[in-house]
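Engineer: Quick one: sequence plus predicted model below, questions after.
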Amino acid sequence: MLTDYHNHLELGTLTLDYLMKFIEVARSEKIEHFGISEHAYHFYQTKDILRNPWVDERRYYDMTDYVDLFKRAWKNNIDVKMSIEMDYTPGKHKEMEIFISSYEFDYVIGSIHWVDDFGIDLAEFKKEWDRRDLYDTYEKYYDQVITLAESNLFDIIGHIDLVKIFNYIPQDEEFLLHQFDRITTALANSKTCVEISTAGLRKPIGKLYPDPRLLQMCFDKKIPIVLSSDAHKPEHVGADFDQAIQLAKSVGYETLMTFEKGNRKEVPLG
């Protein structure tokens, strides 16, 4: 079986017609478990969780409309999972928990896009990489991965090593492997799965998330995985999954985790 649990409608509309464009590609790619996980910061209901000028300009959805879209899809016998991708926000665990528990998500993705006021994956902030201490940024990023895991609020962590997106990578391998070791230990003690994301192949880094060494540690510590494309356009659904599957199998994975209404089931890898 194949999953693609990380996909976004934000470049289009919250309509059944637009959703069907994604569904049709998923079907053609033989993806049995497909979900939409819109960015939580787009919704008015998350204004008490994440606030900054960049985010506030992009808060234009209401969760009622989002949920209604899935209800219409299910009424038409369209098998699509309802999810959200939430920016993990330190100090906002209670608020995140209240939001998550307010909706019947099939699963919830937690991701880290911000280190303090630094949007690490945003082109608008790229110049900050040359102004800030690389090792400090990496350590703070992976500190958040640990507390994300410890919160046990999320079913999946999105693009776990997104911090490498612009190819700013510490040269000290011992430092990097230490970060990998401590985050995988935290994840192994949580319910959080790791996604193999093909999105990195479409970014400046030009590589899958996660790093093969990090994924090997995940396997060794028995952390489950899912496959995701992080598609923001229909044509990216299931993109480059041959590479994701090859990576998963190369470190030893033979199964994926699937989700439905918060319940999880392990299935053979595609």
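Structural biologist: Now that the structure is in, tell me what you want to look at.

Engineer: Taking the centroid of this protein, which residue is nearest it?
Structural biologist: Note on the chain: the residue nearest the mean C-alpha position is residue 158, at 2.3 Å, using Cα atoms, centre = their mean.

Engineer: Model confidence for the residue nearest to residue 161 when sequence neighbours are not counted, exactly?
Structural biologist: Once its chain neighbours are removed from consideration, residue 161 has its nearest residue in residue 210; the separation is 4.8 Å (Cβ to Cβ, 6 or more residues apart in numbering). Quick note: C-beta positions are derived from backbone N, CA and C, even for glycine. On the pLDDT scale, residue 210 is placed at 98.

Engineer: returning to what we had before: now do the phi/psi pair for the residue nearest to the centre of the chain.
Structural biologist: Per-residue torsions, residue 158: phi -80, psi 140 (degrees, to the nearest 10).

Engineer: thought it was touching residue 230?
Structural biologist: Yes. The pair residue 158 and residue 230 qualifies as a contact (Cβ atoms under 8 Å) at a distance of 7.3 Å.

Engineer: anything in contact with each of these two?
Structural biologist: When contacts are counted by Cβ atoms under 8 Å, 6 or more residues apart in numbering, the set common to residue 158 and residue 230 consists of 6, 197.

Engineer: returning to that earlier point: any idea of the pLDDT on the residue nearest to the centre of the chain?
Structural biologist: In the prediction, the pLDDT value recorded for residue 158 is 98.

Engineer: Kindly report the same for residue 270.
Structural biologist: The predicted structure scores residue 270 at 76 on the pLDDT scale.

Engineer: Let me know how buried it is, in neighbour terms.
Structural biologist: Per other Cβ atoms under 10 Å, the neighbour tally for residue 270 reads 16.

Engineer: could you check the distance from it over to residue 225?
Structural biologist: Distance of residue 270 to residue 225, given as Cβ to Cβ, to the nearest Å: 12 Å.

Engineer: out of everything not next to it in sequence, what's closest to residue 41?
Structural biologist: Spatial nearest neighbour of residue 41, excluding adjacent residues (Cβ to Cβ, 6+ apart): residue 55 at 4.7 Å.

Engineer: To what extent is that neighbour buried, counted in neighbours?
Structural biologist: Count around residue 55 with other Cβ under 10 Å applied: 20.

Engineer: number of nearby residues for residue 186?
Structural biologist: Using other Cβ under 10 Å, residue 186 has 17 neighbouring residues.

Engineer: you'd agree it is in a strand?
Structural biologist: No. Counting by DSSP: H, G, I helix; E, B strand; the rest coil, residue 186 is located in no strand; its state is helix.

Engineer: So it sits against residue 150, correct?
Structural biologist: Yes. Judged on Cβ under 8 Å, residue 186 makes contact with residue 150 at a distance of 6.0 Å.

Engineer: and residue 7, what pLDDT?
Structural biologist: Looking at residue 7, its pLDDT reads 98.
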